[in-house]
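Enquirer: attaching a predicted model along with its sequence, questions to come.
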Amino acid sequence: MGSFYQPRFVYADLTVLKTLSWQQVKEGLAEIVKYGMIKDAEFFGWVEKNLERIKALDLKAIDFAVRRSVEIKAKVVEADERELKGKRQVLNFGHTIGHAVEASSGYRSYTHGEAVALGMIGAAIIAERMGYFPSPMVGRLKGLLEALGLPTCIEGVDEEKIRDALQLDKKVRKDRLHFVLPRKIGEVFLTAEVPPNLIRETLKDLKK
């Protein structure tokens, strides 16, 4: 059983970010990219154009990036507060392969943000090969993640272990793995129609 209680107030002190290492800051930046990918192409473009300000932790830039990310997540959660309609699953973009990468490495080789970055690239490659996501958009996503210092290919993790971890994912239903895939920057959709051989090919490509 679970209970749902909404906070009366949420306070975010952005100056705390100045106390973190760049490695820790990158964790949050992966999620910021995710929010642009799932719901706001204009925001994604803004991140691309303001990379240097973001990396310098310019408070005005960070304030906008955090505020917009929170707005996007809040809107998604408000539409399906108790996860009864499936609408919140878009927040799992990048997390299917990402969680498998984390688990298969014993949570040692990649941090959560790095794994999500890898998962977003994996989902983009799958969507491209299924004819949903244009190749230039894969390049844009990859370029942005790399510019933020996030990984876009897997090193040091056994591919077979990743496949095994995928089968244990909570998003497996009736022996079918559910993916959140991009249709375009700013729009994603949920599918259980990804062929197993395409998943294998994608993992091989991510290892290159």
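Expert: Noted; the coordinates are in hand.
Enquirer: pLDDT averaged over stretch 21-41 - what is it?
Expert: Averaged across stretch 21-41, pLDDT comes to 96.
Enquirer: report the buried residues of stretch 177-194.
Expert: For stretch 177-194, burial by neighbour count (16 or more other C-beta atoms under 10 Å) applies to L177, H178, F179, V180, L181, P182, I185, G186, V188, T191, V194. Yep, even glycine has a C-beta here, placed from its N, CA and C like the rest.
Enquirer: measure the closest residue to the last one other than its chain neighbours to L198 for me?
Expert: In this case it means V194. What sits nearest to V194 in space, not counting adjacent residues and going by C-beta to C-beta, 6 or more residues apart in numbering, is F179, at 5.3 Å. According to C-beta to C-beta, to the nearest Å, F179 and L198 sit 10 Å apart.
Enquirer: touching both of those two, which residues are there?
Expert: Jointly contacting F179 and L198 under the rule C-beta atoms under 8 Å, 6 or more residues apart in numbering are I126.
Enquirer: quick one: contacts for the residue nearest to V194?
Expert: By C-beta under 8 Å, 6+ apart, the contact list for F179 reads T96, A123, I126, K171, L190, T191, A192, V194.
Enquirer: check what pLDDT it gets.
Expert: pLDDT for F179: 96.
Enquirer: could you pull out the strands for this structure?
Expert: For the chain, strands defined by DSSP state E occupy the ranges 172-173, 176-177, 179-184, 187-191.
Enquirer: who does the last one pair up with?
Expert: Each strand that strand 187-191 pairs with, and the sense of that pairing, follows from DSSP bridges: strand 179-184 (antiparallel).
Enquirer: any weak-confidence spans in the chain?
Expert: 1-4, 84, 169-174 (pLDDT under 70).
Enquirer: now the helices for it?
Expert: 22-39, 41-49, 51-55, 59-79, 95-104, 112-129, 135-147, 159-167, 196-206 (DSSP state H).
Enquirer: name the residues that touch the first one?
Expert: Just to be clear, that refers to helix 22-39. With contacts defined as C-beta under 8 Å, 6+ apart, helix 22-39 is touched by 17, 43-47, 54, 57, 65-66, 68-69, 72-73, 75-76, 90-91, 93-94, 111-114, 116-117, 120, 141, 144-145, 148-150, 180, 182, 185-188.
Enquirer: and G45, how many neighbours does it have?
Expert: For G45, the count of nearby residues is 15 (other C-beta atoms under 10 Å).
Enquirer: so what's the residue count around the residue lying closest to S104 once chain neighbours are set aside?
Expert: Distances taken as C-beta to C-beta, 6+ apart place K161 nearest to S104, at 3.8 Å, with adjacent residues excluded. Neighbour count of K161, defined by other C-beta under 10 Å: 15.
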